[in-house]
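J.: make a model of this:
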Amino acid sequence: MSRIRKCVAAGVALALVALGVSLPSAASAAPAAAGAASPPRFDHVVVVVLENKRYDHVIGHPNAPWVTSLAHRWANMTRFYAETHPSQPNYLALFSGSTQGVKDNSCPHDLGSRPNLARQLLDAGYSFAGYSEGLPRTGWRGCASGRYVRRHVPWVNFSNVPSSVHKPFTAFPSDYHKLPTVSVVIPDLCHDMHDCPKDVGDRWLKKQFAGYISWAATHNSLFIVTFDEDNRTDHNHIPTVIAGARVTPGQYSGRLDHYHLLRTLQAMYGLAPTGTSAARAPMRSVFSVQ
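T.: Modelled structure (predicted):
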C-alpha cells in the first residue's frame, strides 16, 4: 500500500472511531461504514431508564443475564457516561438537553415552558408518552406514591407538556402498533434496580420488553435501555444498549453520554438540538442504511 493510501485508510479509521465504532478487525469495520448516514426515522422508539449501576456491574454480570444478552446480540455502548450525581439532573439532561440548574433530588420543580423532547415531538406532529410504573393515575403530579417517585419523571416538571402524556405503566399498550412515536418508560424503585437486586430488575425487563424487541426488529421500531448514573464508583460509566430494526450489532467504543442519545432522537425526527445536545453528534454509526 502506498503512503497516500495508508494515510487515507488511517483517516477513515479515525473517522469511524469518532462515530463510536470499535475496529478490532476489518470485518467489524465494514458494516459500521454503512452507518454514516443520518439516523433512520423509526415508527416507534421505546427508551427505558434504570438506576444507579456502573457498566461492569450489569454488562457481563451473572445477575443481569438478559441485559447482558442484549449487549452481546445488539449494539452495546461500551463507553457511555452520565452527566452528574444524583439521579434527577441526569433525567432532565436526557429529556431536555440541560440539567436545568437542578443539583439534587428535591421535588417538585416547575421548569415552565423550557424546550424539551416531548414538546418538540408534539409540535412536529409526532407523539410522546411517559409510562411510569406505580403512577397512581394519568397526569398525577405528586412527588411519591409507593415505589413511584417524581424525581425520575422529567416531563411532569414542564408546563408545556400536557398532563395526558404522563401515564401509568399499566397503560403501555400490548398492541405495539398503538405506541406513540417515542415512549420513555420509568420502572418503579424496585424494577429499576435501585432498591431491589439486579436480577429482579433484569427479569422484569425481559418479561416486559422481550416481546417488543422481537416485534420492533421487523416493524421499523427501536428499543433503548440506559441508566441515570452509576453508583459513584466508576466515573459515571453506565450501560446503554440499542436493539431493534436497522441496528448494526457490535461493541461501540466511542465516548457518549445522555446528550448524544437525546441528539440522536432529535435527529431521527428532524428536531432542533436543545441545550448541550447541540454540541453532540447523533449516533449514526449504530444504524444501517436501507
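J.: which element is His72 on?
T.: Per DSSP states H and E, His72 falls inside helix 65-73.
J.: list the buried residues for that helix?
T.: Of all the residues in helix 65-73, those buried under the rule 16 or more other Cβ atoms under 10 Å are 66-68, 70-71. Where you see a C-beta, it was placed from the backbone N, CA and C, and this is true even at glycine.
J.: so for whichever strand or helix holds Gln208, mean pLDDT?
T.: Under the criterion of DSSP H and E, Gln208 resides in helix 198-216. Averaged across helix 198-216, pLDDT comes to 98.
J.: okay, angle between it and helix 65-73 too, please.
T.: Put simply, helix 198-216 runs at 50 degrees to helix 65-73, going by axes from the mean of the first three to the mean of the last three Cα atoms, to 10 degrees.
J.: helices or strands up against helix 198-216?
T.: Counting contacts by 3 or more Cβ pairs under 8 Å, 6 or more residues apart in numbering; DSSP states H and E, helix 198-216 is packed against strand 44-50, helix 65-73, strand 221-227, strand 240-244.
J.: now the longest one, how far from the chain's geometric center?
T.: For helix 65-73, the distance from its own C-alpha centre to the chain's C-alpha centre is 16 Å (Cα atoms, centre = their mean, to the nearest Å).
J.: quick check: mean pLDDT across it?
T.: 98.
J.: any low-confidence regions in the stretch 1-150 of the chain?
T.: Counting by pLDDT under 70, the ranges of the stretch 1-150 of the chain that qualify are 1-37.
J.: try 50 this time
T.: 1-36 (pLDDT under 50).
J.: can you map out the helices along it?
T.: For the stretch 1-150 of the chain, applying DSSP state H, counting those that start in this stretch gives helices covering 3-18, 26-33, 65-73, 87-96, 117-123.
J.: can you name the residues that contact Ala171?
T.: Shown in contact with Ala171 (Cβ atoms under 8 Å, 6 or more residues apart in numbering): 129, 131, 138.
J.: hmm, try it at 10 Å
T.: 129, 131-132, 135, 138 (Cβ atoms under 10 Å, 6 or more residues apart in numbering).
J.: so how far is stretch 191-211 from its chain's centroid?
T.: When C-alpha coordinates are averaged (Cα atoms, centre = their mean), stretch 191-211 and its chain have centres 16 Å apart.
J.: name the residues of it that are buried.
T.: Quick answer for stretch 191-211 (16+ other Cβ under 10 Å): 191-194, 196, 198, 201-202, 204-206, 208-209.
J.: same deal with stretch 229-237?
T.: Using 16+ other Cβ under 10 Å as the test for burial, stretch 229-237 gives 229-230, 236-237.
J.: just these now: which is nearest Gln100?
T.: The nearest member of those to Gln100, counting by Cβ to Cβ, is Glu229 at 16.2 Å.
J.: contacts only, for the closest one.
T.: Each residue near Glu229 by Cβ under 10 Å, 6+ apart is listed here: 51-54, 81-91, 236-238, 258.
J.: please repeat the previous calculation with a cut-off of 6 Å.
T.: Counting by Cβ atoms under 6 Å, 6 or more residues apart in numbering, Glu229 makes contact with 52, 82, 85, 90, 236.
J.: pretty sure it sits in a strand.
T.: No. Counting by DSSP: H, G, I helix; E, B strand; the rest coil, Glu229 is not found in a strand; it is coil.
J.: what about the residue nearest to it when sequence neighbours are not counted, distance to Gln266?
T.: Closest residue in space to Glu229, ignoring its immediate chain neighbours: Ala82 at 4.2 Å, by Cβ to Cβ, 6 or more residues apart in numbering. According to Cβ to Cβ, to the nearest Å, Ala82 stands 19 Å off from Gln266.
J.: what's the burial count for the residue nearest to Pro180 when sequence neighbours are not counted?
T.: Closest residue in space to Pro180, ignoring its immediate chain neighbours: Ser127 at 3.7 Å, by Cβ to Cβ, 6+ apart. Ser127 has 14 neighbours, counted by other Cβ atoms under 10 Å.
J.: from Gly142, how far off is Ser127?
T.: If you go by Cβ to Cβ, the gap between Ser127 and Gly142 works out to 25 Å.
J.: kindly report the same for His258.
T.: 25 Å.
J.: which one of these two has more residues nearby?
T.: Neighbour totals were compared for His258 and Gly142, and His258 leads with 30 against 13 (other Cβ under 10 Å).
J.: report how many residues lie close to the nearest residue to the more buried one once chain neighbours are set aside.
T.: The shortest distance from His258 to any non-neighbouring residue, by Cβ to Cβ, 6+ apart, is to Leu94 (4.1 Å). Counted with other Cβ under 10 Å, residues neighbouring Leu94 total 24.
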